[in-house]
Every structure is written in structure tokens, then in C-alpha cells.
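**Q** structure, please.
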Amino acid sequence: MLSAVRSALTTPDLRKKILFTLAIVAVYRLGANVPSPGVSYPNIQECVRQVEGGDNASVYSLINLFSGGALLQLSIFALGIMPYITASIIVQLLQVVIPRFEQLKKEGQSGQAKLTQYTRYLTIGISVLQATGFVALAERGQLFQGCSLPIIPDSSIFTLVVTVSTMVAGSTLVMWLGEQVTERGIGNGMSLLIFASIAHRIPAEGRLILENSGGLVFAGVCVFGLAIIASVVFVENGQRRIPVQYAKRMVGRRMYGGTSTYLPLKVNQAGVIPVIFGSSLLYLPDLVARLAGNDGGWFQQFVQTYLVDQSNPVHIVLYMALIIFFTYFYVGITFNPDERAEDMKKYGGFIPGIRPGRPTAEYLNFVLSRITMPGSLYLGIIAVLPNFFLGITGTGQNQNFPFGGTAVLIMVTVGLDTLKQIESQLMQRNYEGFLR
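**A** Below you'll find the predicted structure:
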């Protein structure tokens, strides 16, 4: 691994891409700490300190995780990359529902460019809604329950509009920075920005555990975290390889085909999307209860008892059930066995022992359903593991355990993907030819 890193840094073109990616990440982290206009920076820092480790920020923990803590500071990059992720998921789901989107998907590069444009427009719309909601909560004193300091001292319409516009512009800039990394840097830009945000919070979470629970618990958490990371790496690389044989065929005077390959089906075919879906649905009732203020009544009490408290068995069971459901749902809309079977038949491919066409589609559907179950259980277990250790580590019932759940899944997935891209580019530049 160290030799690969050394080779990457000594290759001029690859070194330029790596430095460009690091520069974009530095700009992103700088913007995440610059407060939006109209926001009282000392007051918001005091409110963050008061609610740290409590249960008042649970509704925002997912977005705050992706923004690296910028959300609760209402910085110019407070929304982070979350609006773009939401827009991308919505556009991907619409490709199954709307025939126009499905046609664009099949048109290749031109259709993909059109879908990307729709995603950008939708990102701006979602950013406006989210920025307006969080600024309204801050202006009404609902962003930090238990903190009476004014977050936005001047609550005039002009100040609120400027604050919302700044946060929307920041989210749009984050989207542009991610696209620049994808085009001119290394790895997927959006994923790397999320990686940087999550990695930024790990030292603070570790320090909190060390201060509250002592060195022995901290060492145990580190060992446990390494075990989780190793398990995630093992499962993320796991796949079922279905052999595919291509028949020989004559095209003019040339013979094509006759090769053997395989169709890889990953154990975790859905990635981290089911965890994001499940977390968002669980936090939505809490957001509604907070917007309702003190008029929530029994609904607010129910949400606080069963949905906000992450150590509650009802929360754990419901969270895991949502993850399993969304895993099957997302895999069902992203992998179409009928299309794969038709493509294989078109190019003369077949699975040994399985007839082309409908039997191949049924076989792929059978295999996919068999490996989706362990994949969904794996996602659910990794996501709910932190809930069992929040009381032990003393980080508060709604703080993010640094080595579990969404954080580890995203960091390991992004890290593996980035390393694979670096290795592939190194192989392209170090081809030894025939004269070895």
C-alpha cells in the first residue's frame, strides 16, 4: 500500500489530481466553519456547547454528520452535500416511474447529461426548502431546545432572506466543488466531501469518549472500531460471481465471442442508501414535532420516547426493519434481471446450464433475492450497533458513535473506491508491454 502511495505521488499527472482533490477538500472544510451573515457566532457556539451530548440535536444528526458539524453552526456550507444526495436519489427513483426519465437513461451520455441537469435544479429547490426550515427554527429558538440565546439577533425579513440565500448558494457551491473533483481529481467528488466531513468529527468524538469514560473504555472502543472496519471491508468486497459464457459468432471474416466472464453481484448491492432512507424517515416525525412547538401534545411525547431515544428497543427494531425494507426496495429498482438477461441474450451470452431469456432472468432474480437478505441484515446490524454502546461510552444518547453506522459504511466504501481508482490509474501508467 505504501509503495502504491509513493508511486502515485511520484507520477506527475496523478500527483496533480491528488493535490487538486486535497485543495478542494480544504476549501470545503474552510467554508464549513464560516458563519452565514446575520448569525451570531458567539451565541451559536455557546448553544452548541450546551446541547453537546444531550438529546436536543437528534433530528439533525444525519445532516450534521454529512456536513461535518456545519449544520448546527449555520455556516455558509451548513446544508453540505445532503441536498444533492437527496436530489440524486429522487431522480434515480423517477427513472423507474416516469417513462421520459427511463428513456433519457437509455440514451447514453447525452441522456445522462440531461438527468444531471435535472438533479442540479432539484438540488437548488431542496436547498431552498431546507435552508428556510432551519433558519425558521433558529429564528423561533427551536434549533437548540434549552438554549435561550438569540441565534439570529436581527429577525427582519431582509436578514432572513440573506441568510437563506447564502446557505443555498453555499450548497450550490458544494455541488460544484464535488463535480470538479469528479472531473479533474481522484474519486467521486460528492463521496469524498462526505468522507472529509465524517473524518473531521472522529477526533472530537474520540476526545469526548476519553474525557467521559477514561482510557480503558477509549482503548476498547478503538479495538471494537477496528473490528467493525475490518468486517465492513470484508463484506463490501464480498460478491457472488455468476459465470457467463459468450458463444462464438462470425461477423464478416472475423470471429467474435467464445470468452468466459462473470457477472458480479455484491452482497451489499444497495450501498448506504437504505441507511439514509431509514434515518430520514425516523427523524421526520421529530422535525414535525419541533415545528409544532409546545402544541404537539401526546404526539410529541410519543416521538420523544420511542423515536428520538436511540437506545429504546422500539427505535432499534423500527430502524432495522426500515433498513431491510429499503434494501429490498432499492435493489429491486436499480437491478433489473429482465434487462440483464435481455442484454446477455443480445450479445450471445448465457449462463452455463441456464437457457437464455426468461429462465436467465428468473435465475438472476433467485440469486439476487438470496444474497439481498444477508446484505440487508448486515446493513441493519452495522447501523444499530452504536445504539448499544452510547450508554457505555458516555457520549449521550443521540451522539454519533465514531465507529458504527452510517459513518463507517460511507468511509470504508469511499476509501475502497478511491484506492481502486488510484490503482487502476497506476496500472495504466506502468504497463510493461511485451518485452519484459
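
**Q** burial of the closest residue in space to Y306 that isn't next to it in sequence, as a residue count?
**A** Counting by C-beta to C-beta, 6 or more residues apart in numbering, Y306 lies nearest to V314, which is 4.4 Å off, once chain neighbours are set aside. All C-beta atoms are positioned from the backbone trio N, CA, C, and that covers glycine. If you count neighbours by other C-beta atoms under 10 Å, V314 ends up with 12.

**Q** kindly report the same for the one 3 residues further on.
**A** V317 sits with 12 neighbouring residues when counted by other C-beta under 10 Å.

**Q** tell me the helix or strand right after the helix or strand where it lies.
**A** When elements are assigned from DSSP states H and E, V317 belongs to helix 313-334. Later in the chain than helix 313-334, the nearest helix or strand by DSSP H and E is helix 337-346.

**Q** what's the separation between I410 and I276?
**A** I410 sits 9 Å away from I276, taking C-beta to C-beta, to the nearest Å as the criterion.

**Q** then F158?
**A** F158 is 35 Å from I276, by C-beta to C-beta.

**Q** comparing the two, which residue is more hemmed in?
**A** I276 (21 against 9).

**Q** buried set for the helix or strand containing Q301?
**A** Q301 belongs to helix 298-302 when assigned by DSSP H and E. For helix 298-302, the neighbour count (16 or more other C-beta atoms under 10 Å) marks Q300 as buried.

**Q** that older thread, contact partners of the helix holding V317?
**A** 92-93, 96, 269-270, 273-275, 277-279, 281-282, 306-310, 368, 372, 375-377, 379-381, 383-384, 387 (C-beta atoms under 8 Å, 6 or more residues apart in numbering).

**Q** all strands of this protein, in order?
**A** Secondary structure of the chain (DSSP state E): strands located at 239-246, 249-251, 254-256, 260-266, 349-350.

**Q** closest to M190 out of those?
**A** M190 lies closest to strand 260-266 among those, at 20.0 Å (C-beta to C-beta).

**Q** quick one, the closest one and helix 313-334 angle?
**A** 150 degrees (axes from the mean of the first three to the mean of the last three C-alpha atoms, to 10 degrees).

**Q** relative to strand 239-246, how tilted is strand 260-266?
**A** Going by the same axes, to 10 degrees, strand 260-266 makes 150 degrees with strand 239-246.

**Q** strand partners of strand 260-266, parallel vs antiparallel please.
**A** Taking DSSP bridges as the criterion, strand 260-266 forms sheet pairs with strand 239-246 (antiparallel).

**Q** just the CA coordinates for the strand it pairs with, please, in CSV.
**A** Backbone C-alpha positions of strand 239-246 (Å, rounded to 0.1, in the frame of the first residue of the first chain) are rendered in CSV as follows:
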residue,chain,number,x,y,z
GLN,A,239,-19.8,-10.8,-4.2
ARG,A,240,-21.4,-13.7,-5.9
ARG,A,241,-19.8,-14.3,-9.3
ILE,A,242,-22.2,-15.8,-11.8
PRO,A,243,-20.3,-17.4,-14.8
VAL,A,244,-21.3,-16.1,-18.2
GLN,A,245,-20.2,-17.8,-21.5
TYR,A,246,-20.3,-15.9,-24.8
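
**Q** which other residues reach that strand?
**A** With C-beta under 8 Å, 6+ apart, strand 239-246 has contacts from 257-267, 344, 347-352, 364, 367, 371.

**Q** quick check: pLDDT value at M1.
**A** pLDDT, M1: 56.

**Q** same deal with Y121?
**A** For Y121, the predicted pLDDT is 92.

**Q** and it, how close does it get to V288?
**A** 27 Å.

**Q** just give the nearest non-adjacent residue to A138, would you?
**A** I151 (4.2 Å).

**Q** surely that neighbour meets Y41?
**A** No: using C-beta atoms under 8 Å, I151 is not in contact with Y41; the gap is 9.9 Å.

**Q** which one of these two is surrounded by more residues?
**A** Higher neighbour count among I151 and Y41: I151, with 23 against 15, using other C-beta under 10 Å.

**Q** which residues touch the more buried one?
**A** Here I151 is in contact with 39-40, 43-44, 47, 74, 138-139, 141, 143-144 (C-beta under 8 Å, 6+ apart).

**Q** mind checking which of those residues are in helices?
**A** 43-44, 47, 138-139 (DSSP state H).

**Q** how about these, which pair is most distant?
**A** C47 and E139 (13.5 Å).

**Q** of the two, which one has the most company?
**A** A count of neighbours by other C-beta under 10 Å puts C47 above the other of C47 and E139, at 26 against 18.

**Q** so who does the more buried one touch?
**A** By C-beta under 8 Å, 6+ apart, C47 lies in contact with 143-144, 147, 149, 151.

**Q** by neighbour count, which of those wins?
**A** Most surrounded of those: other C-beta under 10 Å gives L143, at 25 neighbours.

**Q** do you know the pLDDT at that one?
**A** In this model, L143 carries a pLDDT of 74.

**Q** against V162, how distant is the closest residue to it other than its chain neighbours?
**A** What sits nearest to L143 in space, not counting adjacent residues and going by C-beta to C-beta, 6+ apart, is L137, at 4.5 Å. Per C-beta to C-beta, L137 is found 17 Å from V162.

**Q** show me what contacts V168?
**A** 79, 124, 127-128, 131.

**Q** who wins for neighbours among these?
**A** Ranking the contacts of V168 using other C-beta under 10 Å puts L79 first, with 27 neighbours.

**Q** residues contacting the nearest residue to that residue once chain neighbours are set aside?
**A** Once flanking residues are discounted, L79 sits nearest to S171: 4.2 Å by C-beta to C-beta, 6+ apart. Going by C-beta under 8 Å, 6+ apart, S171 touches 77, 79-80, 83-84, 123-124, 127, 131.
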